[in-house]
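In: Sharing a model that was predicted from the sequence below.
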Amino acid sequence: MKTRILLPFFLFLTFALAAQDAKPGIQRLFEPADSLNKARFWTLNGGLIGGYTGVVVALDRVWYAQFPRSRFHFFNDMGEWEDMDKFGHLYTAYFEAKFTSGLYQWAGVPDKKADIAGVVLGTVFQGTLETLDGFSEEWGWSWGDIGFNTGGVLLFWGQELAWQEQRILLKLSSWRRPPSDMMINSTDGLHTYSIIQRQNELYGTGIGEVLLKDYNALTIWASVNIHSFIRNEDTKFPKWLNVAVGYGAENIYGGFSNEWTDEETGAKYILNADDYPRYRQFFLSFDVDLTRIKTRNRFLKTLFSAINIIKIPAPALEFNTQGDVRFRAFYF
């Protein structure tokens with residue numbers, strides 16, 4: 001969950017740095033420099049170093065300080081949270097590499113060097129957080145996390161090397177469905193707990209929390225641009241229309257199982273698997289690549305690029321490990 005705290009930071013940096021133009025009369029604020037713009041370059045470096053340092057320090061003192069420290073150790077968490085956190089790592093690493101590369105191109109760094117900077121910094125950013133995990137008794141260094149982090153940056157870099165563009169985008173969508181207000185009894189029968197209370201405890205209540213860390217609400221998508229794979233230059237197929245394949249999960253109220261202990265009372269709770277079966281979901285839907293919509297407005301191009309990390313709401317076909325096939329007239 002904690003890795004996606006970097007997403008709003010990069011979105012903010014995209015717009016904040018665009019306002020730091022040393023020669024506004026020569027170069028438009030949102031237009032990439034034709035050659036290295038030293039003012040932009042060093043402002044960008046300062047923003048990345050200062051901002052990320054602040055995020056890491058804040059995580060260390062606010063998040064990790066809540067849990068016991070330990071010697072560096074490893075932890076196999078494959079399968080935890082039905083691997084929704086792993087797809088979160090894939091998405092975040094891809095996002096970091098892609099947006100960091102875009103920021104360096106905006107500063108006038110050549111495309112290939114900007115791409116390498118994105119890959120390196122995305123790897124460093126995620127690796128730093130994994131190292132902090134390694135010294136926390138609650139977690140540990142996860143090779144699964146590292147694998148999905150690497151997959152994310154390589155998905156970005158591989159497309160740049162092969163096509164010089166991103167034909168396959170990683171996106172997210174998130175919509176919290178109201179949970180049951182059913183109360184459950186503790187294993188000793190002396191206490192009760194509501195599903196809503198457990199949901200809010202795990203995933204928070206704010207819009208940002210729901211969007212970025214509610215595993216029951218979150219879907220990670222691979223959005224594929226069809227037009228870019230059509231070799232016929234005279235095709236009338238819309239350049240902006242994508243097909244998206246998504247992954248999600250439902251009824252996730254604990255890491256490996258729906259069991260937890262209330263820290264205040266020490267009471268243990270176990271959700272009935274028949275009432276709340278944990279299962280994985282696979283989706284097929286349509287999407288829009290906003291960066292392929294024609295516009296000459298540089299601000300709109302920057303805005304489209306920034307919000308292109310979110311999949312548009314659309315009809316979707318769901319397949320899940322419960323053996324069900326469902327048509328969703330509106331899914332986000």
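Out: Yep, that arrived. Residues are numbered from 1 along each chain as shown.
In: quick one: the helix or strand encompassing residue 123 to chain centroid distance?
Out: If you go by DSSP states H and E, residue 123 is part of helix 111-134. The chain centroid and the centroid of helix 111-134 are separated by 15 Å, computed with Cα atoms, centre = their mean, to the nearest Å.
In: Could you name the helices and strands sitting against that helix?
Out: helix 38-58, helix 84-106, helix 143-163 (3 or more Cβ pairs under 8 Å, 6 or more residues apart in numbering; DSSP states H and E). Where C-beta positions appear, they are placed from N, C-alpha and C, glycine not excepted.
In: Please identify the deepest-packed of those.
Out: The highest mean neighbour count among the helices and strands packed on helix 111-134, using mean count of other Cβ atoms under 10 Å, belongs to helix 84-106: a mean of 25.
In: care to break the chain down by domain?
Out: 1-165, 167-332 (automatic domain parsing).
In: quick one: secondary structure of residue 287?
Out: Residue 287 falls in the strand class when you classify it by DSSP: H, G, I helix; E, B strand; the rest coil.
In: so what's it bridging to?
Out: residue 242 (DSSP bridges).
In: Which of the helices and strands packed on helix 111-134 has the lowest mean pLDDT?
Out: The stretch with the lowest mean pLDDT among these is helix 38-58, at a mean of 90.
In: And that one, what does it pack against?
Out: For helix 38-58, the packing partners by 3+ Cβ pairs under 8 Å, 6+ apart come out as helix 6-18, helix 84-106, helix 111-134.
In: between those helices, which gets nearest to residue 259?
Out: Closest approach to residue 259 among the helices and strands packed on helix 38-58 is made by helix 84-106 (17.6 Å; Cβ to Cβ).
In: Can you name every helix or strand that the closest one contacts?
Out: Using 3+ Cβ pairs under 8 Å, 6+ apart: helix 84-106 touches helix 6-18, helix 38-58, helix 111-134, helix 143-163, strand 168-174, strand 218-225, strand 241-250.
In: would TSV of the ones you listed with distance to residue 270 be doable?
Out: What follows is the helices and strands packed on helix 84-106, written out as TSV (distance: least, Cβ to Cβ, whole Å):
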stretch	distance to residue 270
helix 6-18	34
helix 38-58	35
helix 111-134	27
helix 143-163	26
strand 168-174	27
strand 218-225	24
strand 241-250	18
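In: Quick one, which of the ones you listed gets closest to residue 316.
Out: Taking Cβ to Cβ, strand 241-250 is the member of the helices and strands packed on helix 84-106 nearest to residue 316, at 7.2 Å.
In: ok, now which ones touch residue 163?
Out: Taking Cβ atoms under 8 Å, 6 or more residues apart in numbering, we find residue 163 in contact with residue 228.
In: how close does it get to residue 229?
Out: Residue 163 sits 9 Å away from residue 229, going by Cβ to Cβ, to the nearest Å.
In: Let me have the helices and strands packed on helix 38-58 in a markdown table, adding distance to residue 307 as columns.
Out: Formatted as a markdown table, the helices and strands packed on helix 38-58 follow (distance: least, Cβ to Cβ, whole Å):
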| stretch | distance to residue 307 |
| --- | --- |
| helix 6-18 | 9 |
| helix 84-106 | 12 |
| helix 111-134 | 19 |
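In: now for the helices and strands packed on helix 84-106, which one comes closest to residue 308?
Out: Residue 308 lies closest, by Cβ to Cβ, to one member of these: strand 168-174, at 6.8 Å.
In: what angle separates the helix holding residue 123 from helix 143-163?
Out: 180 degrees (axes from the mean of the first three to the mean of the last three Cα atoms, to 10 degrees).
In: Let me know the angle separating helix 111-134 from helix 84-106.
Out: 140 degrees.
In: Let me see the backbone angles for residue 282.
Out: The phi and psi torsions at residue 282 (degrees, to the nearest 10) take the values phi -130, psi 130.
In: winner for burial among the domains of the chain?
Out: domain 1-165 (a mean of 17).
In: Please report the distance of residue 272 from residue 182.
Out: 10 Å.
In: repeat for residue 156
Out: As judged by Cβ to Cβ, residue 156 and residue 182 stand 43 Å apart.
In: Quick one: residues contacting residue 186.
Out: Contact analysis of residue 186 by Cβ under 8 Å, 6+ apart lists 192-193, 262, 265, 267-269.
In: which pair in the residues you listed spans the largest distance?
Out: Going by Cβ to Cβ, the pair spanning the contacts of residue 186 furthest: 192 and 268, at 12.6 Å.
In: if I read this right, residue 153 contacts residue 95, doesn't it?
Out: No - counting by Cβ atoms under 8 Å, residue 153 stays clear of residue 95, with 10.0 Å between them.
In: which residues sit in contact with the residue nearest to residue 261 when sequence neighbours are not counted?
Out: Excluding its sequence neighbours, the residue lying closest to residue 261 (Cβ to Cβ, 6 or more residues apart in numbering) is residue 268, at 5.0 Å. When contacts are counted by Cβ under 8 Å, 6+ apart, residue 268 touches 186-188, 259-262.
In: Could you pull up phi and psi at residue 268?
Out: The phi/psi pair for residue 268 (degrees, to the nearest 10) reads phi -100, psi 140.
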